[in-house]
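# Quick check, what structure comes out for this input:
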Amino acid sequence: MPTEKEIVLSGIRATGNLHLGNYYGALRNFVKMQEDYDCNYFIADLHALTTTPDPKMLHENVRNILAEYLAAGVDPDKATIFVQSDVPEVSEMYLLLNMHVGIGELLRTASFKDKARKQLGLNPNDESEDIERQIVGSDSNKRVNAGLLTYPTLMAVDILIQKARKVPVGKDQEQHLELTRRFARRFNSFYNVDLFPEPENFNFGSASVKVPGLDGSGKMGKSEGNCIYLVDDEKVLRKKVMRAVTDQGPQEPGSPISEPVENLLTLMALTSGPEVVQQYRDAYADCSIRYGDLKKQLAEDILKVTTPIRERYLDIRSDDEYLAKVVRQGAEKARERASRTLEEVRKAMGIIKFY
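As a prediction, the model looks like this:
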């Protein structure tokens with residue numbers, strides 16, 4: 001008999017188009033994983049609600065990300081692709097699992113504190129603020145919604161309801177994955193069942209990739225405005241790269257490379273190849289580097305990666321019938337396993353129908 005494939009699950013929030021960070025941090029591995037694993041990739045529209053998006057834009061974002069998954073090479077015949085809200089079992093299990101999650105452990109989650117500070121208009125780097133007091137005392141115009149607090153529970157349900165063993169996450173999500181393992185152990189122990197496996201981080205045998213933005217510091221992120229999107233046209237992309245932050249140039253031979261320039265070389269390492277990167281490192285070391293040449297080279301090499309994706313995206317994005325078929329097929333597959341898991345959870349908790 002064939003060996004049962006290990007279950008992989010991952011999702012991306014429906015908050016806008018995907019960028020190079022999403023591609024090198026997730027999508028590229030999605031395509032590799034689908035050959036050897038039982039892969040389940042979803043568009044997290046329920047998670048996106050923590051930022052109260054415009055309803056029309058939320059739907060458009062779901063369509064965009066779905067088309068970008070497909071354009072990047074995720075194959076609906078090899079992987080299950082679905083929209084989070086198309087699996088209503090997730091919402092019910094979210095309620096049930098929350099009964100076993102402590103408010104204190106959610107309040108201590110680093111990502112919650114960071115995002116709550118931003119929503120309240122506080123300095124996200126000022127940890128001296130008593131965030132719990134600020135939340136309780138905040139007015140209705142600057143409230144932190146409960147969905148943000150229970151975000152780790154919903155993420156845990158996404159994973160546990162599919163009984164996924166491998167979950168590709170970045171460094172900023174590792175705490176959430178540890179909470180998922182804790183919730184799984186707690187549920188299994190409380191009800192004396194062997195229902196949930198404990199998931200582990202999975203990056204296809206390689207270290208997680210941190211893709212820097214164009215603003216000179218930090219990682220590429222939609223909220224930071226420092227992105228190169230997979231669907232940027234050639235003119236827009238070249239303009240973004242040419243405006244990327246650098247420095248005044250090395251002042252003497254052997255000077256350490258500044259963070260903004262190191263970021264561009266990191267992007268170049270992903271798209272251009274080691275020999276090109278070494279060429280510009282050497283040029284920085286001997287003070288002969290020309291940032292205009294570096295940026296032109298970088299833009300050219302990024303376009304080699306993104307242009308085929310953009311072209312496929314434009315074809316797929318306009319095919320409503322195909323997009324509907326993909327998510328309908330994906331929802332059926334995802335619900336099949338989710339409904340079985342939910343029934344096991346309900347039975348363990350004593351929520352049993354009389355009919």
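# Dig out what the residue most central in space within the chain forms beta bridges with.
Note on the chain: the residue nearest the mean C-alpha position is I12, at 4.2 Å, using Cα atoms, centre = their mean. Taking DSSP bridges as the rule, I12 bridges to I43.
# Tell me the helices and strands packed up against the strand or helix carrying L323.
Assigned by DSSP states H and E, L323 falls within helix 320-349. For helix 320-349, the elements it packs on are strand 38-44, helix 55-72, strand 79-83, helix 88-98, helix 174-191, helix 291-317, judged by 3 or more Cβ pairs under 8 Å, 6 or more residues apart in numbering; DSSP states H and E. Yep, even glycine has a C-beta here, placed from its N, CA and C like the rest.
# rerun that using 10 Å as the cut-off
With contacts defined as 3 or more Cβ pairs under 10 Å, 6 or more residues apart in numbering; DSSP states H and E, helix 320-349 has these neighbours: strand 38-44, helix 55-72, strand 79-83, helix 88-98, helix 151-160, helix 174-191, helix 291-317.
# end-to-end on stretch 228-241?
Start and end residues of stretch 228-241 are separated by 8 Å (Cα to Cα, to the nearest Å).
# and the residue nearest to the centre of the chain, what does it touch?
18, 22, 25-27, 30, 41-44, 47-48, 65, 68-69 (Cβ atoms under 10 Å, 6 or more residues apart in numbering).
# okay, the angle between the helix holding L323 and helix 55-72?
Angle of helix 320-349 versus helix 55-72, following axes from the mean of the first three to the mean of the last three Cα atoms, to 10 degrees, is 100 degrees.
# What residues of helix 320-349 count as buried?
Using 16 or more other Cβ atoms under 10 Å as the test for burial, helix 320-349 gives 323, 326-327, 330-331, 333-335, 337-338, 341-342, 345, 348.
# Next: stretch 181-192.
181-184, 187-188, 191.
# Put together TSV for those, with pLDDT and distance to H100 on each row.
TSV is the format used below for the buried residues of stretch 181-192 (pLDDT from 0 to 100; distance: Cβ to Cβ, whole Å):
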residue	pLDDT	distance to H100
R181	97	13
R182	97	10
F183	98	7
A184	98	10
F187	98	6
N188	98	11
Y191	98	9
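# need these in a markdown table with distance to G216, can you?
Formatted as a markdown table, the buried residues of stretch 181-192 follow (distance: Cβ to Cβ, whole Å):
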| residue | distance to G216 |
| --- | --- |
| R181 | 36 |
| R182 | 37 |
| F183 | 38 |
| A184 | 40 |
| F187 | 45 |
| N188 | 46 |
| Y191 | 51 |
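# Any idea which of the helices and strands packed on helix 320-349 gets closest to T266?
Closest to T266 of those, according to Cβ to Cβ: helix 291-317, at 10.6 Å.
# Rounded mean pLDDT for the closest one, please.
The average of the pLDDT scores along helix 291-317 is 97.
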